[in-house]
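J.: Whatever this is, show me its structure:
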Amino acid sequence: MSEKEYFPKRAMSIQAHPDDQEFTVAGTLARWVQARCEVMSVIVTSGESGSNEPSRDGSYKLELARLREAEQSSANSVLGIHETVFLHYPDGELEPTLNLRRDLTRLIRRYKPEAVVTGDPQGVFYGNGYINHPDHRAAAQAALYAVFPSSETRLIFMELLTEGYEPHKVKRLYVHGSEKSDTWVDIAGTIGIKISALEKHISQLGDWDPEKMIREWAAEEGKGHGLEYAEAFKVMTLVEDKSES
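T.: Take a look at the predicted model:
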């Protein structure tokens, strides 16, 4: 990062599925936790469609949802995240609805994060071998518009005022998976924590060891920026903090 590194006092990670966070931004979240940031993890679905085993049918979804939620909670404990919210939207069928945006707006107003971390709603193709999951884009779009304009605008979702949730303005939005990244966070000191957290998602990893791939990804992100391992973001600064200048 070219500027003084930013450490929020309170942050919220909003992701579609259990394990999305660990594959993408867990090194940054662990770094913030080490700097005494209070991080909250919001998982929109429970990943209950995450199995292609022929022996499984729809009745397995409830069991898998419970398993994946437990894995995410374990991963968050490794990262030092003590608050996890599962919204239980349907895995594989997620849409950026007003109901989802309202639920995320409620959480932002309730927990008042300075920074929100989510994906890029515009990201569809990554390289020539990966089509972005539509749930990722839906969760990211709902999160983006919950941050602005919904969480800070009094007359949007007025029922939240009745519930006691006053508007809150997020200072910074961290978008991962962007083709126009402008901020690189040094995760050399936390990449081991990121890998350990990812390894908690046994239902998805099976016997596969993700360490080599995660280190290769992080090394590629850090290349050209003087960093051994990094995570990359497009950062929207929605409130200028004069104390940093």
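J.: thinking residue 68 is in contact with residue 50, fair?
T.: Yes - the pair residue 68 / residue 50 is scored as a contact, 6.6 Å apart, by Cβ atoms under 8 Å. The way it works is simple: take the backbone N, C-alpha and C, and place the C-beta from them, glycine included.
J.: For the protein, just list every one of the strands.
T.: In the chain, strands defined by DSSP state E lie at 10-15, 38-45, 83-89, 115-119, 125-126, 130-131, 172-176, 183-186, 230-237, listed in chain order.
J.: Now the fifth one: average pLDDT?
T.: Looking back up the chat, that one is strand 125-126. Average pLDDT, strand 125-126: 92.
J.: go on, the second one?
T.: Model confidence over strand 38-45 averages 98 on the pLDDT scale.
J.: for the closest residue in space to residue 23 that isn't next to it in sequence, what are its contacts?
T.: Distances taken as Cβ to Cβ, 6 or more residues apart in numbering place residue 198 nearest to residue 23, at 6.5 Å, with adjacent residues excluded. In this structure, residue 198 makes contact with 19, 22, 23, 26, 75, 205, 210, 214, judged by Cβ atoms under 8 Å, 6 or more residues apart in numbering.
J.: what's the farthest-apart pair in those residues?
T.: The largest distance within the contacts of residue 198, taken as Cβ to Cβ, falls between 26 and 205 and amounts to 14.2 Å.
J.: Quick check: which ranges of the chain have low pLDDT?
T.: 1-3, 242-245 (pLDDT under 70).
J.: what are the ranges of the helices in it?
T.: Counting by DSSP state H, the chain forms helices over residues 20-24, 26-34, 60-79, 98-111, 134-147, 159-162, 191-198, 202-205, 211-222, given from the N-terminal end onward.
J.: what does the first one contact?
T.: Defining contact as Cβ under 8 Å, 6+ apart, one finds that helix 20-24 is touched by 13, 15, 29, 41, 43, 72, 75, 119, 136, 176-177, 194, 197-198, 200-201, 214, 231.
J.: and with 6 Å instead?
T.: Counting contacts by Cβ atoms under 6 Å, 6 or more residues apart in numbering, the residues outside helix 20-24 that touch it are 13, 15, 75, 176, 197, 198.
J.: I figured the first one hits residue 38, correct?
T.: No - between residue 13 and residue 38 there is no contact under Cβ atoms under 6 Å: 11.8 Å.
J.: higher neighbour count, the two?
T.: The residue with more neighbours, out of residue 13 and residue 38, is residue 13; 29 against 18, by other Cβ atoms under 10 Å.
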